[in-house]
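**Q** dropping the sequence and predicted coords here.
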Amino acid sequence: MTFTAVCTVRQLVPERGVAVLVGGRQVALFLVSGESGSFVHAVGHRDPFSGANVMARGLLGSVGDRDTIASPMYKQVFDLVTGECLTDRSVRLPVHRTWVAGGVVHVEDAPRSVAEPTRVEVVAG
């Protein structure tokens with residue numbers, strides 16, 4: 001596992017995306033706050049339907065208890081934890097594990113398989 005430090009938590013605006021470069025890949029980061037805490041999610045920045053690198057500009061939301069991102073291009077909705085497209089289950093965004101230490105956000109260089117956790121709580125520090 002190789003992680004890249006990309007920014008501080010303070011540089012992230014809650015409920016807004018930011019694009020970062022991790023291991024040669026464009027990744028979209030999101031700081032999501034809710035009743036169960038704050039989390040940093042990392043998914044591929046490339047919209048699989050349009051091919052454009054725009055996911056960081058997507059609209060955050062939720063479906064049930066799932067945090068989601070809607071593509072700003074054609075509005076497909078993706079689960080931020082699994083990368084699964086909720087409007088076309090044959091398509092997924094790559095997801096990256098995140099780690100926050102000392103207020104610094106680290107993103108795993110390689111995307112994770114769906115079975116592995118990608119949601120890490122942000123802790124003060």
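**A** Done, it's in.
**Q** only C-alpha atoms for contact and neighbour calcs from this point on.
**A** Will do.
**Q** sheet-wise, list the partners of the longest strand anywhere in the chain with their directions.
**A** In the chain, with assignment by DSSP state E, the single longest strand is strand 25-34. Strand pairing for strand 25-34, determined by DSSP bridges: strand 17-22 (antiparallel), strand 37-44 (antiparallel).
**Q** please identify the most buried of those strands.
**A** strand 37-44 (a mean of 23; mean count of other Cα atoms under 10 Å).
**Q** distance check, Ser50 against Val104.
**A** 32 Å (Cα to Cα, to the nearest Å).
**Q** those two: which is more packed in?
**A** Comparing Ser50 with Val104 by other Cα atoms under 10 Å, the one with more neighbours is Val104, at 16 against 12.
**Q** who's in contact with the nearest residue to that one once chain neighbours are set aside?
**A** Leaving aside its chain neighbours, Val104 sits nearest to Thr8 (4.2 Å; criterion: Cα to Cα, 6 or more residues apart in numbering). Neighbouring residues of Thr8 by Cα atoms under 8 Å, 6 or more residues apart in numbering: Gly103, Val104, Val105.
**Q** tell me who's in contact with the second one.
**A** Counting by Cα under 8 Å, 6+ apart, Val104 touches Ala5, Val6, Cys7, Thr8, Val9.
**Q** same thing but at 7 Å, please
**A** Contacts for Val104 (Cα atoms under 7 Å, 6 or more residues apart in numbering) come out as Ala5, Cys7, Thr8, Val9.
**Q** can you tell me which helix or strand the first one belongs to?
**A** In the assignment (DSSP states H and E), Ala5 maps to strand 3-8.
**Q** buried residues in that strand?
**A** Buried residues in strand 3-8, defined by neighbour count with 16 or more other Cα atoms under 10 Å: Phe3, Ala5.
**Q** helix/strand/coil for Arg10?
**A** What DSSP: H, G, I helix; E, B strand; the rest coil gives for Arg10 is helix.
**Q** what about it, distance to Arg89?
**A** 34 Å.
**Q** check Thr98 too.
**A** Thr98 sits 24 Å away from Arg89, taking Cα to Cα as the criterion.
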